[in-house]
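1. Starting from these lines, generate the structure:
(chains A and B)
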Amino acid sequence: MPVPCRGGCGNNAVLKRPKTGDALCKDCFFWAFETEIHYTITKAELFNKGDSVAIGASGGKDSTVLAYVLKTLNQRFNYGLNLMLLSIDEGITGYRDDSLETVKQNRDDYEMPLKILSYKDLYGWTMDEIVAQIGRKNNCTFCGVFRRQALDRGAAMLGVKCIATGHNADDIAETVLMNVLRGDIARLKRCTAVATGSEGSIPRVKPLKYTYEKEIVMYAHYKKLVYFSTECVFAPNAYRGHARALLKDLEKIRPACIMDIIYSGETMSVKEQVSLPMQRICSRCKFVSSQEVCKACVLLEGLNKGLPKLGIGKSSKAKRMLEEYHAKQAQNETVLEDVVHYLNDTSISDDKGNKNCRSKKDSNKENTSNGETCSKNNCCGGGCRSKTNVDVATSNKKLDMLLEQYGLDDNSDEKNATKENGVTDTASDHSEDETPFNGQEEDDTCSAACGGISIGF
Amino acid sequence: MKCKKCDSPKTVILRKKDYYCDDCFMVSTNHKFRACIGKNKVLSPHENVLIGLSGGLGSTVLLDLVHHGISLENTKKLRIKPFFIHLFDDNYKGLAESIIAQCQKYNFDVYVVHLAAYMSPNCQLPEPNCIPDVEENETRAFHDMLNSMPPSAATDFLLKIKRSLLVQYAKLLKCNVVFTAQTTNTLAINFLSNLAVGRGSQLQNDIGFCDARDEYVKIIKPIKDISIEELKYYVDIRQLAPVYVSDIKNGSMQSVISAFVSDLQENFQATISTVCKTADKIGEPNNEYVAHERCNICESDLQTKDLKLSALEATNLSRTVSFGNTELKQNLEKNADFLNNFDDFNSSMFPLINKYLCYSCSRNYSEMNQSKLPLHIRNKIND
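-> Have a look, this model is predicted:
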């Protein structure tokens, strides 16, 4: 039976909004969806007239919808914004290379300039190479930390006033839960803010903060927007997955809980006695940091010194690792000195010469072993790359599931079809439910590194 | 393997790695209880304290700890005058009987009160140590009320009912302090549940050591630092007999959270303690009673942080625009900033909010059959 649209326009509804439970037709949904984002933008004063704004674009549904809606609202309500797209190429084969093609499509469709920055250019490492070093665990830490800074660098190059990211309501609720589970009080405090940033950094704004992921998918679907929907090939091991799974389960019971969790995060206060890290400027790269040296520099240093775990886990571990590293360096230096000494000194006794010879051998051995690990890593990188394949089918299944759950088809044949084989459909739905719903976001998708680290090199 | 403290053989293993013997374990658990009370300085000597007993693990151990504390005859004697209360529901009559038996073993009197007492405006003190007869009308009205809500709202509301009854009976018995037996595990679950229903600003009272929402009665959680793992050992060693009951309804968000926390704890042993440590950092600097307008159901302060835009406004706007207001549409076309000063929101998502009810109680209220609320509450919220 067709459900009439709540908007009172006389049309039949095509979907039920998860946030309020109201059934709407396509046109009323478009208007409601866009008006809500407009409300967030004007009420929270996210932009000023004449600003240049960079949209963090991954090619995924959130950033595609964000770019489309910002362009639409900019025209409709005369924001006077100069919009551009900013993409980060992490160098993930089978994921980012494909999604960047979508971003290029967006650039042409929405007539916005596009800037792409790559990890390879900025840091000298692609994510594929980093994963080859660090393995499948903790790699999201690198990606998240580097992307955060890469966006800052890109925004500085473009000379924009702020960066708009596609974080949606689900992402924010998920982050609240994750920060509680990880005990990260500083992030818990700031993760629900609609605009973040302090002196010296370019502010980030989240116009989709109160927009449900489900509605974004529906909007993109009904507007026939082109987006890329594959989960990052490295993401499945991230700790964030736990928070995401919990949120999906809660949402099934009470869809409004996503707003409730955001409200909880917004209204909670942190005791004054609790000391929080201060935001300052990294002494090495001059970008924003909560420590003397920023996380990106620590991670990069670890990679370059062949200690990829340096920035992962407790700072005490990192300090120990660095000490060991320096000790080893020092040892190598003494060996070198000995060699130099040996070469310079003409009057050496036999056993002294033997001793020096041995240490020379040692140093040689070290070199070869280094060479070995290097080549091994290359191998692994190649292996990883060949293994990463793309599963586009799942994303379509996901859309079907959403349409079935929230879509109210007025007269289409599809509905009859699903009714006829309803049994098999619900079964496949169920199995789909169990796999966590994996969208992509612009940044901070993955658990950012835990714990503060302050190390000087 | 030896005990960490002395060299006796180990009998207790905590967190899969810490070994204790029975004696050292009992000393440390007792210390956790006394330290928790001691460092928070809520009790004055010879204070009347109402102790809420549910019959579960925490409550059984709390009863034993209190008994042990007040039977000491040295400087460490626990100087309180305890009163005991059990809130029961018809489905668990057997539980009430076993709690009476439990208390009599220690020579304590216990008041048994039916949860349906919430439906009447004035509660009376029943005879101690017996299960009162409750009028069927009242119990039916009570169950009708809870059954008219979805499971998540009902589970949340039941906690508020229990809290309200504990405060009322504490006043009747002239107790300024109430003990409840929530453990770290329960608190971790309640923390996440509170977040999920939008009670983020109430965390300090619900999860922290002291609930100071009532002007006269403080509710404190003296065994909040003891985990279920420890309680199980305690019960075994002392050969106590707890009865396991849960207030969490099947199919509720709280039941999902409870299962989630237990699972994660298996793989990450630090989960529960991390969550509880986070809870300790949340709240106002001093948790004192302030005479503000309060929620008529949970007694929470209705004055919340001053936010320009929050999830509340966003939800209200969603409901408003979903009703396809043509006038709004036209106004918006004329003036892009029209919504910024717009306050004629559709209030059906959050009835009575900020005037009589807090965000979460308002959400519960919108999901229930409102005529089922007790008359004395309906009178208060209907002007």
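2. When you work out contacts or count neighbours from here on, use the C-alpha atoms and nothing else.
-> Will do.
3. Kindly report which residue of chain B is located farthest from the centre.
-> Distance from the C-alpha centroid of chain B peaks at B:Lys334, with 50.2 Å (Cα atoms, centre = their mean).
4. what bits of the chain have low per-residue confidence?
-> All of this is about chain A. Low-confidence regions of chain A, defined here as pLDDT under 70, cover residues A:198-200, A:235-238, A:311, A:313-319, A:321, A:343-399, A:401-457.
5. should've been chain B
-> Along chain B, the parts satisfying pLDDT under 70 run over B:285-287, B:383.
6. which residues of the stretch 1-150 of chain B fall in helices?
-> Applying DSSP state H, counting those that start in this stretch to the stretch 1-150 of chain B gives helices spanning B:22-40, B:57-71, B:93-105, B:136-147.
7. Of these, which stretch is the most buried?
-> Compared across the helices of the stretch 1-150 of chain B, helix B:57-71 shows the largest average neighbour count, a mean of 20 (mean count of other Cα atoms under 10 Å in any protein chain shown).
8. Can you list the buried residues in stretch B:219-231?
-> By 16 or more other Cα atoms under 10 Å in any protein chain shown, the buried positions in stretch B:219-231 come out as B:Ile219, B:Ile220, B:Lys221, B:Pro222, B:Ile223, B:Lys224, B:Asp225, B:Ile226, B:Ser227, B:Ile228, B:Glu230, B:Leu231.
9. Neighbours of residue 91, how many?
-> Just so you know, I chose chain A. Counted with other Cα atoms under 10 Å in any protein chain shown, residues neighbouring A:Gly91 total 18.
10. try again with chain B
-> Other residues within reach of B:Asn91 by the criterion other Cα under 10 Å amount to 7.
11. show me the residues around A:Ile116 that make contact.
-> Under the criterion of Cα atoms under 8 Å, 6 or more residues apart in numbering or on different chains, the neighbours of A:Ile116 are A:Leu86, A:Ser87, A:Ile88, A:Asp89.
12. a strand runs through it, doesn't it?
-> Yes: remark: A:Ile116 belongs to a strand, assigned using DSSP: H, G, I helix; E, B strand; the rest coil.
13. partners of it in the sheet?
-> A:Ser87 (DSSP bridges).
14. List the contacts of the nearest residue to A:Asp51 once chain neighbours are set aside.
-> For A:Asp51, the nearest residue in space outside its immediate sequence neighbours is A:Leu81; the separation is 5.2 Å by Cα to Cα, 6 or more residues apart in numbering or on different chains. By Cα under 8 Å, 6+ apart, the residues touching A:Leu81 are A:Asn48, A:Lys49, A:Gly50, A:Asp51, A:Ser52, A:Val53, A:Asn74.
15. now do A:Thr42
-> If you count contacts by Cα under 8 Å, 6+ apart, A:Thr42 has them with B:Asp337, B:Asn340.
16. That one and A:Lys209: what is the separation?
-> Distance, A:Thr42 to A:Lys209, using Cα to Cα, to the nearest Å: 13 Å.
17. again with A:Glu292
-> Using Cα to Cα, A:Glu292 is found at 31 Å from A:Lys209.
18. Of the two, which one has the most company?
-> A direct count of neighbours by other Cα under 10 Å for A:Glu292 and A:Lys209 places A:Lys209 higher, at 26 against 16.
19. ok so, going back, looking at the buried residues of stretch B:219-231, which two lie furthest apart in space?
-> The most widely separated members of those are B:Ile219 and B:Glu230, with 23.0 Å between them, by Cα to Cα.
20. Next, the buried residues of stretch B:361-369.
-> Within stretch B:361-369, the residues that count as buried by 16+ other Cα under 10 Å are B:Cys361, B:Ser362, B:Arg363, B:Asn364, B:Tyr365, B:Ser366, B:Glu367, B:Met368.
21. Among these, which one sits closest to chain A?
-> Distances from the buried residues of stretch B:361-369 to chain A were compared by Cα to the nearest Cα; the smallest belongs to B:Arg363, at 9.4 Å.
22. who's in contact with that closest one?
-> For B:Arg363, the contacting residues are B:Met349, B:Phe350, B:Pro351, by Cα under 8 Å, 6+ apart.
23. May I see these organised as a markdown table, with distance to chain A, secondary structure and neighbour count added?
-> Below are those laid out as a markdown table (distance: Cα to the nearest Cα, whole Å; DSSP: H, G, I helix; E, B strand; the rest coil; neighbours: other Cα atoms under 10 Å in any protein chain shown):
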| residue | distance to chain A | secondary structure | neighbour count |
| --- | --- | --- | --- |
| B:Met349 | 8 | coil | 21 |
| B:Phe350 | 11 | coil | 22 |
| B:Pro351 | 14 | coil | 19 |
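24. thinking again about what came up before, intersection of neighbour lists for A:Thr42 and A:Lys209?
-> Counting by Cα under 8 Å, 6+ apart, A:Thr42 and A:Lys209 have no shared contacts at all.
25. Give the burial count for B:Asn341, as a bare number.
-> 8.
26. Next, the buried residues of the helix or strand harbouring B:Ser152.
-> For B:Ser152, the enclosing helix or strand under DSSP states H and E is helix B:151-172. Along helix B:151-172, the positions that meet the burial threshold by neighbour count (16+ other Cα under 10 Å) are B:151-157, B:160-170.
27. just stretch B:9-19 next, same as before
-> Residues B:Lys10, B:Val12, B:Ile13, B:Tyr19 are the ones in stretch B:9-19 that count as buried (16+ other Cα under 10 Å).
28. And for stretch A:127-136?
-> Taking 16+ other Cα under 10 Å as the neighbour-count basis, stretch A:127-136 is seen to contain the buried residues A:Met127, A:Asp128, A:Glu129, A:Ile130, A:Val131, A:Ala132, A:Gln133, A:Ile134, A:Arg136.
29. Okay then, goodbye and thanks.
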